[in-house]
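Q: no sequence for this one, just the structure:
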């Protein structure tokens, strides 16, 4: 079992114990349940890219140990294919219009079923936008999804663009190369203009079909590829595999053949990539969420123990006073939420100003270039480059607006959260108890820091498309498509808003009619129609700004108001505990002390286990 999978399983076990204890102590468990759900969600994506005829389908099937992916040679759709784990095999096919087609395939491998849907046998194949496969396997699941993309040298350029649009949201990119034909012109273009513009730390090169090279020539072939790649990528990570033998080995249980295929080393290296990258970051975030919840339980337990040693009249008076203050805090929290909502118009105005700059460039510079362009390939490159740059520009502007929103209201939220948590603070510092307590750490409320650009760009385009991310409920007002679609959703952990970089489609939310705002090949009949199509594209982005600003505000409220709600619920639970303790006899209160001390010891043990897990997950 890989480190990443093992850590995830350990965290699941800890969370189950944590929730059981929280229920016994009568503490709100919704935060912990959310973390549990996040652990079951495909939040890490591995995108597989490469030219046509690099053996990508065979490679993916070798990874699965079965014919899950149909041959790309037979596919005539522009969609990507997303693989996730499930106990039973099933397929979901999403179309640009109409309801998705979902069906199970228990008696057939998915590839055989998909060949009926993603080839010319399906008269509606051109309308496909996403294929999602659920198949029992040991690699995906555990928070990882696998994304198969069209070839980077596809003759249909619109398919190429789909591959590029997913790179910004991938946590690892596997690029397949041919040992005898390394680095074609399109592969060099792919590296220089696509990969190097993104993070290259998550790029893993796989030299496929190494078994087709004579044993004595393999070292020189790999050395040649390394030198060629080094001219574009510093210290490229390269592994050689034999996909066909690996697939055969997994299907027949031939371990010796599997070992010589190179696949065990590749799988280990890939999981290591994920563990050291965003996978490790997300795991640490989940552990820290659980730790903060446990710290609240620890503090509540200590306060109840100390309150039992106070005079009854004082506790009654404190609870009554705290109830009045909590109502006041609730009013302040409500006003803070209203103040954040008022920022939507300001955010929309800021985004519009940013888009105006792109519009000005379009009319003053790009339109004359398009009118004078006679080469269709150059025309296509200019159009797609402008669209990618414009949406990335809007992406960055949205991240800035979100950061400004958090900076503006984060301090107020922190102060209010401190005030709420201090309602019964004096019970925590009392030294009158006759029992030996574990001393709770005074929990400073952490400032809600704005996510960095790296974190913002790490959201899931796929998650937004299929509604599988944590933020799908908030993003439900939007209709999303996957032809490089703009993915709107909450980042894992509730940190903010995603507008997927390199996005290509944006569909309106208020109408069932799905209108394309992306320039496709058929729109580029001539120079004039290309200009009109780009004008439609810009108009579509302009129409989207109100939706985007609304979701920025909704995410801001989640980030700023959410912690206040948690703290208020914690204080209400504490009041309830005080009142229950007051209604007990002196004899019963002794039993309560014993119970609370037992809880305190269990909390201490959980705390130690979380600390150990966090230490394991933190890079040295």
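A: Right, received. Where do you want to start? The model shown is predicted, which means the values in this text are computed figures rather than measured ones.
Q: End to end on stretch 230-244, go ahead and measure it.
A: This stretch, stretch 230-244, spans 28 Å end to end (CA to CA, to the nearest Å).
Q: next one: stretch 224-241
A: End to end - CA to CA - stretch 224-241 spans 16 Å.
Q: ok, now stretch 247-256?
A: 13 Å.
Q: which residues are in contact with that stretch?
A: Contact with stretch 247-256 is made by 58, 61-62, 65-66, 257-258, 261, as judged by CB atoms under 8 Å, 6 or more residues apart in numbering. (Glycine included, C-beta is placed from N, CA and C.)
Q: Could I get the buried residue list for it?
A: Using 16 or more other CB atoms under 10 Å as the test for burial, stretch 247-256 gives 247-250.
Q: quick one: which of those is nearest residue 570?
A: Closest to residue 570 out of these is residue 250 (49.7 Å), distances taken as CB to CB.
Q: mind listing what's buried in stretch 214-223?
A: In stretch 214-223, counting by 16+ other CB under 10 Å, buried: 221-222.
Q: now do stretch 267-274
A: So stretch 267-274, judged by 16+ other CB under 10 Å, has buried residues 267, 270-271, 273-274.
Q: and if you look at stretch 177-188?
A: Of the residues in stretch 177-188, 177-179, 182-183, 187 count as buried by neighbour count, 16+ other CB under 10 Å.
Q: And stretch 352-362, by the same measure?
A: So stretch 352-362, judged by 16+ other CB under 10 Å, has buried residues 352, 354-355, 358-359, 362.
Q: What of stretch 8-21?
A: Applying 16+ other CB under 10 Å to stretch 8-21 flags 8, 10-11, 14-15, 18-19, 21 as buried.
Q: among those residues, which are in helices?
A: Residues of these located in helices (DSSP state H): 8, 10-11, 14-15, 18-19, 21.
Q: Name the nearest of the residues you listed relative to residue 612.
A: Among those, residue 10 lies closest to residue 612 (CB to CB), at 9.1 Å.
Q: From residue 236, how far out is the closest residue to that closest one other than its chain neighbours?
A: Distances taken as CB to CB, 6 or more residues apart in numbering put residue 613 closest to residue 10, at 5.8 Å, once the chain neighbours are dropped. Going from residue 613 to residue 236 by CB to CB, to the nearest Å gives 33 Å.
Q: Same check on residue 418?
A: With distances taken as CB to CB, residue 418 is found 49 Å from residue 236.
Q: More neighbours: which of these two?
A: residue 236 (19 against 14; other CB atoms under 10 Å).
Q: doesn't residue 205 make contact with that one?
A: Yes - between residue 236 and residue 205 there is a contact at 5.5 Å, judged by CB atoms under 8 Å.
Q: Find the residues that touch each one of the two.
A: Residues within reach of residue 236 and of residue 205 at once, by CB under 8 Å, 6+ apart, are residue 229.
Q: Please parse the chain into its domains.
A: 41-276, 280-427+457-583+603-614 (automatic domain parsing).
Q: could you dump these to CSV with distance to residue 31 and mean pLDDT?
A: Compiled in CSV, the domains of the chain are given as follows (distance: least, CB to CB, whole Å; pLDDT from 0 to 100):
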stretch, distance to residue 31, mean pLDDT
domain 41-276, 16, 77
domain 280-427+457-583+603-614, 5, 75
